[in-house]
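In: missing the sequence, but the structure's below:
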């Protein structure tokens, strides 16, 4: 009961943040902590999961490209990123994510060690160049991901607990 009251208080503070970017960052941190940074995804509602995935893809790709996303633990959700971006209405970003998956040419294992082993086995200069092209397309921000994420969160606000 006390934990639930704490969560509600923390969320109320997040909802009161006026700046969209600051609110999304705070909510991203809250959701990440709630699921222990992806370890306890079962603690998230479906909208929280979608938000967690879109935020992690964006963070990882901006930090080191799709190759970093695939290598890191966030890559556990690579198979869900296209659907997540489609769900928030980011069709162009979803297409870029699909292109990055297509470059790899086969489904990526959810298990990080298996995924790294697969990527290292198929890694070539051509693969890395193709992923770089996906990175560059992502960096163009053909869609306002902050606005799309915010609209999605607001529409599903009751599911953020």
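Out: Yep, it's here. Computed from a predicted model, the values in this text were never measured in an experiment. Numbering: from 1, shown residues only.

In: Make sure residue 27 is actually in contact with residue 51.
Out: Yes: at 7.2 Å, residue 27 counts as touching residue 51 under the criterion of CB atoms under 8 Å. From N, CA and C alone the C-beta is placed, and that goes for glycine too.

In: Common neighbours of these two, please.
Out: By CB atoms under 8 Å, 6 or more residues apart in numbering, residue 27 and residue 51 have these common neighbours: 153, 160.

In: In this structure, where is pLDDT below threshold?
Out: In the predicted model of the chain, residues 1-7 satisfy pLDDT under 70.

In: again, 50 this time
Out: Applying pLDDT under 50 to the chain flags the ranges 1-3, 5.

In: Let me see the ranges of the strands in it.
Out: With DSSP state E, there are no strands along the chain.

In: could you pull out the helices for it?
Out: For the chain, the helices defined by DSSP state H occupy 2-15, 20-34, 46-71, 78-88, 91-104, 112-122, 125-139, 145-155.

In: Out of those helices, flag the one nearest residue 161.
Out: With CB to CB as the measure, helix 2-15 is the member of the helices of the chain nearest residue 161 (6.5 Å).

In: what's around residue 91, how many residues?
Out: Other residues within reach of residue 91, judged by other CB atoms under 10 Å, total 13.

In: so who does it touch?
Out: So residue 91 contacts 85, 143 (CB under 8 Å, 6+ apart).

In: Now do it against residue 127, distance only.
Out: Per CB to CB, to the nearest Å, residue 91 is found 25 Å from residue 127.

In: Then residue 20?
Out: Distance of residue 20 to residue 127, computed by CB to CB: 36 Å.

In: So which of residue 27 and residue 51 has more stuff around it?
Out: Between residue 27 and residue 51, residue 51 has the larger neighbour count (other CB under 10 Å), namely 26 against 22.
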